[in-house]
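*Asks:* Task: produce atomic coordinates for the following.
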Amino acid sequence: MIITVGGIKGGSGKTTIATNLTVQRAAEGRDVLLVDADDQETASDFTMLRNDKLETGAGFTSIKLTGPAVRTEVRRLADKYDDIIIDTGGRDTTSQRAALTVSDVMLVPFVPRSFDVWTLEKVSQLVAEMRAANPELTAYAFINRADPRGQDNAEAEEVIRDTEELELIDTPLGARKAFGNAAAHGLGVAELKPQDAKATDEFMMLYRHLFDISATSKVAVGA
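*Replies:* Numbers count the residues shown, from 1 in each chain. Below is the predicted model:
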């Protein structure tokens, strides 16, 4: 499985999602490659911190790639790993487009705020363009940093449902400090002690739903 966590709006939590997916996938015995294709290199910083903090090391392999090299190197390495997670920046970059040409899935987190939701149409256009090069690309979106109450979450989900190229994963993640606290120690949210049960449960619902539906889709295509 090759998953690109992307979008065109910064601050939506892409690196947090990419690193947590990588950590959890590795914890389940998968040989995972985390590709940092973001100029800010936060995923690489997370990996170095994790290597420093944990006696067992990161538990996964991490590399930095930019531009067309994302496509060529991921394609070359695809058979060497069980899963590849690609973290891209919050802009429509050459790196992100290169990643999408070789990805099975694009996962897009959206914060339920007007400026973030307004980018949905542009993301939809990006997906449509990339499907010309990669017809089997599947694009999912979900609500990240969801509000504890109010109509913003529901309104954002409705906009996603109406977006032609994106499929809503109805597993919102709340705006919980546990994600930041875990990252500060080089951990995934499910590894944090004491554990934030709500944050972990929400993330695991997204994780299982993502990999279950993606695996089902790949089997169906193969059939």
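*Asks:* part of a strand, is residue 108?
*Replies:* Yes - the assignment for residue 108 is a strand, going by DSSP: H, G, I helix; E, B strand; the rest coil.
*Asks:* Check it and give its pLDDT.
*Replies:* Here, the pLDDT recorded for residue 108 equals 94.
*Asks:* Helices of the protein, residue ranges please.
*Replies:* Using DSSP state H, the helices of the chain run over residues 14-27, 42-53, 69-77, 94-100, 114-117, 120-131, 152-161, 177-183, 197-222.
*Asks:* ok, of those helices, where does mean pLDDT dip lowest?
*Replies:* In terms of mean pLDDT, the lowest-scoring of those is helix 114-117 (a mean of 66).
*Asks:* Any chance of JSON lines for the helices of the chain, columns distance to residue 139 and mean neighbour count?
*Replies:* Backbone N, C-alpha and C define where each C-beta goes, glycine included. Formatted as JSON lines, those follow (distance: least, Cβ to Cβ, whole Å; neighbours: other Cβ atoms under 10 Å):
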{"stretch": "helix 14-27", "distance to residue 139": "14", "mean neighbour count": "25"}
{"stretch": "helix 42-53", "distance to residue 139": "21", "mean neighbour count": "18"}
{"stretch": "helix 69-77", "distance to residue 139": "17", "mean neighbour count": "17"}
{"stretch": "helix 94-100", "distance to residue 139": "9", "mean neighbour count": "24"}
{"stretch": "helix 114-117", "distance to residue 139": "16", "mean neighbour count": "15"}
{"stretch": "helix 120-131", "distance to residue 139": "5", "mean neighbour count": "18"}
{"stretch": "helix 152-161", "distance to residue 139": "11", "mean neighbour count": "17"}
{"stretch": "helix 177-183", "distance to residue 139": "23", "mean neighbour count": "18"}
{"stretch": "helix 197-222", "distance to residue 139": "11", "mean neighbour count": "15"}
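*Asks:* Those: which one's closest to residue 84?
*Replies:* Among those, helix 69-77 comes nearest to residue 84, with 6.0 Å by Cβ to Cβ.
*Asks:* picking that back up, could you say which one of the helices of the chain comes nearest to residue 60?
*Replies:* Closest approach to residue 60 among those is made by helix 14-27 (4.4 Å; Cβ to Cβ).
*Asks:* ok so, going back, for residue 35, which of the helices of the chain is the nearest?
*Replies:* Taking the helices of the chain one by one with Cβ to Cβ, helix 69-77 is closest: 6.4 Å.
*Asks:* hey, C-alpha coordinates of that closest one in CSV?
*Replies:* Below are the C-alpha coordinates for helix 69-77, written out as CSV (Å, rounded to 0.1, in the frame of the first residue of the first chain):
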residue,chain,number,x,y,z
ALA,A,69,12.7,11.9,-7.3
VAL,A,70,9.6,11.1,-5.3
ARG,A,71,8.1,9.2,-8.2
THR,A,72,11.3,7.4,-9.4
GLU,A,73,12.5,6.4,-5.9
VAL,A,74,9.2,5.3,-4.6
ARG,A,75,8.6,3.2,-7.7
ARG,A,76,12.1,1.7,-7.3
LEU,A,77,11.5,0.9,-3.6
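*Asks:* contacting residues around the closest residue to residue 110 other than its chain neighbours?
*Replies:* Leaving aside its chain neighbours, residue 110 sits nearest to residue 116 (5.3 Å; criterion: Cβ to Cβ, 6 or more residues apart in numbering). Neighbouring residues of residue 116 by Cβ atoms under 8 Å, 6 or more residues apart in numbering: 9, 12, 110, 156.
*Asks:* No further queries at this time; thank you.
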